[in-house]
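1. Test case, fold it:
(one chain, ligands or ions: 1)
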Amino acid sequence: MPKISRRTAELPASPIRKLAPLAAKAKQEGKTVYNLNIGQPDIPTPRSFMEGVRNANLSVLSYSPSPGLPETLQALRGYYAEWGIDIPIQEMCVTIGGSEAFTFAMKAALDAGDELIVPEPFYPNYRGYACLTNVKLVPITTYAEDGFHLPGAAEIEAKITPRTRAFLFSNPGNPTGVVYTRAELERIASLAVKHDLFVISDEVYREFVYEGEPISVFQFPKLREHAILVDSISKRLSACGARVGVIASRNAEVMDAVNRMAQTRLSPPTFGQLGLVAFLADPDHKKAVDSMIAKFRSRRDTLFRAIRTIPGVVCERPAGAFYVIAKLPIDDAEDFVRFLLTDFDGGGETVMLAPGTGFYQTPGRGKDEVRIAYVLEEEKLVRAVELLKQGLVQYSKARAKVEAAA
Ligand SMILES: Cc1ncc(COP(=O)(O)O)c(C=O)c1O
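-> Model (predicted):
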């Protein structure tokens with residue numbers, strides 16, 4: 001039998017989706033599962049977006065130009081201008097979600113064997129793609145105790161080798177909720193300039209900032225040739241299925257490479273682009289996003305308050321995105337998440353979380369951590385945390401029984 005390639009054989013399954021079959025089984029058995037494992041917002045997609053799709057009135061659903069429809073690029077230019085970011089349309093390309101944008105960014109910046117420095121814990125698909133492109137991820141470990149902020153310049157610089165080509169991070173951060181300060185970004189920017197490295201900044205959670213300010217990589221003039229911006233409408237418009245993202249760079253060679261890559265996949269999705277144009281044409285579009293952010297801020301506060309009541313749980317209040325990493329008083333969070341889905345008795349209800357190890361590159365890190373996505377209504381979040389609390393008690397009793405019998 002022919003063998004599949006090594007790079008796909010070694011590609012890890014998504015740690016976020018890995019335990020999904022157990023959740024599906026629990027649901028089949030009639031249990032209610034509160035899904036806090038995945039960053040799928042529950043907020044309705046704005047009506048103006050949906051109407052833009054509905055009113056598309058196309059006789060042929062044709063390919064759009066590879067970099068995106070001109071009206072979408074113009075609308076995006078206007079959106080960035082609202083944030084004080086000037087991006088001429090030739091410096092951006094519409095992509096198939098932020099996912100394609102970061103794959104383009106990595107392909108444009110790195111060759112096989114090159115090194116990419118990334119603060120851990122990080123969004124797990126960075127690893128998937130590094131594996132597919134034979135790029136080595138070099139982690140900078142960040143800690144809950146420091147609010148997952150970056151270490152000093154010397155510690156970061158120590159990671160740079162002759163094979164280093166770029167930094168990659170999400171800001172605001174998934175899975176940590178960290179929002180980097182200007183000083184932290186300045187640290188990265190100075191090192192990038194000093195060592196001639198790209199800075200790939202994944203800003204898909206730009207609006208989701210509850211404390212601090214969202215600072216774009218495009219707001220550092222010295223990074224003119226170094227900055228690559230990755231963006232997406234998935235989260236801010238609660239439009240994950242639209243598959244519309246953006247890659248932007250002021251570096252003409254990068255954009256030339258991106259446009260050639262874009263041609264190989266022909267075009268980004270037409271309906272999603274038209275929905276976005278309609279959304280941005282609505283004079284109230286900012287209000288719609290603001291009210292969604294207010295909801296997430298309130299959810300964060302509710303979740304954080306509830307989690308703090310669980311004995312032995314350590315977590316810092318996140319400043320952005322819609323995730324929190326919690327350290328649990330257990331040894332193996334993946335085993336615990338399995339337990340919640342299989343053996344836990346929560347009166348017909350349970351909760352699903354994402355085990356922490358999948359967010360780290362360093363082996364062994366994150367074993368006692370879970371990522372919680374606060375993507376449900378507040379009453380549901382409170383109930384889910386109550387189930388988590390009960391689950392911890394039942395789990396430690398079950399473990400004690402196993403240990404006593406051994
Ligand atoms: C940090 C981060 N970047 C990129 C993405 C990709 O999003 P999409 O491809 O839906 O735009 C996600 C999705 O969860 C994410 O959390």
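2. what does the helix or strand where residue 106 lies contact?
-> Taking DSSP states H and E as the criterion, residue 106 maps to helix 97-109. Counting contacts by CB atoms under 8 Å, 6 or more residues apart in numbering, the residues outside helix 97-109 that touch it are 93, 95, 116, 125-126, 129-130, 133, 135, 165-166, 168, 198, 200, 202, 204, 228, 230-232, 234, 240, 243-247, 254, 257-258, 261-262, 265, 268. All C-beta spots, glycine's among them, are computed from the backbone N, C-alpha and C.
3. which non-adjacent residue is nearest the residue nearest to the spatial centre of the chain?
-> Against the mean C-alpha coordinate of the chain, by CA atoms, centre = their mean, the closest residue is residue 174 at 4.4 Å. Leaving aside its chain neighbours, residue 174 sits nearest to residue 123 (4.8 Å; criterion: CB to CB, 6 or more residues apart in numbering).
4. From the ligand, how far out is that neighbour?
-> 4 Å (CB to the nearest ligand atom, to the nearest Å).
5. how many other residues sit next to that residue?
-> 24 (other CB atoms under 10 Å).
6. Next, work out how far apart it and residue 206 are.
-> 15 Å (CB to CB, to the nearest Å).
7. Now do the same contact list for residue 202.
-> Residues counted as contacts of residue 202 (CB under 8 Å, 6+ apart) are 98, 102, 123, 168, 169, 170, 171, 230.
8. Residue 295 too?
-> By CB under 8 Å, 6+ apart, the neighbours of residue 295 are residue 43.
9. Tell me, what's the model's pLDDT at it?
-> Confidence at residue 295, expressed as pLDDT, is 95.
10. and it, that's in a helix?
-> Yes: Residue 295 forms part of a helix when assessed by DSSP: H, G, I helix; E, B strand; the rest coil.
11. If I follow the layout properly, the residue nearest to the centre of the chain ends up in contact with residue 324?
-> No: judged on CB atoms under 8 Å, residue 174 makes no contact with residue 324 at a distance of 10.8 Å.
12. neighbours of the residue in the stretch 301-406 of the chain that the ligand sits nearest to, just the number please.
-> Distances between the stretch 301-406 of the chain and the ligand by CB to the nearest ligand atom are smallest at residue 321, namely 7.6 Å. Other residues within reach of residue 321, judged by other CB under 10 Å, total 28.
13. Same question for residue 25.
-> Neighbour count of residue 25, defined by other CB under 10 Å: 13.
14. And this protein, what are its domain boundaries?
-> Residue ranges for each domain of the chain read 6-44+286-400, 47-281, as given by automatic domain parsing.
15. what distance separates the helix holding residue 106 from the centre of its chain?
-> 14 Å (CA atoms, centre = their mean, to the nearest Å).
16. Same question for stretch 383-396.
-> Mean-position distance between stretch 383-396 and its chain equals 26 Å (CA atoms, centre = their mean).
17. CA atoms of that stretch as PDB?
-> The C-alpha coordinates for stretch 383-396 follow below in PDB (Å, rounded to 0.1, in the frame of the first residue of the first chain):
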ATOM      1  CA  ARG A 383     -24.000  26.600  35.100                       C
ATOM      2  CA  ALA A 384     -20.900  25.400  33.200                       C
ATOM      3  CA  VAL A 385     -18.600  26.600  35.900                       C
ATOM      4  CA  GLU A 386     -20.800  24.900  38.500                       C
ATOM      5  CA  LEU A 387     -20.400  21.700  36.600                       C
ATOM      6  CA  LEU A 388     -16.700  22.100  36.300                       C
ATOM      7  CA  LYS A 389     -16.600  22.600  40.100                       C
ATOM      8  CA  GLN A 390     -18.600  19.400  40.700                       C
ATOM      9  CA  GLY A 391     -16.500  17.600  38.100                       C
ATOM     10  CA  LEU A 392     -13.300  18.400  40.000                       C
ATOM     11  CA  VAL A 393     -14.700  17.000  43.200                       C
ATOM     12  CA  GLN A 394     -16.000  13.800  41.500                       C
ATOM     13  CA  TYR A 395     -12.700  13.400  39.600                       C
ATOM     14  CA  SER A 396     -10.500  13.600  42.600                       C
END
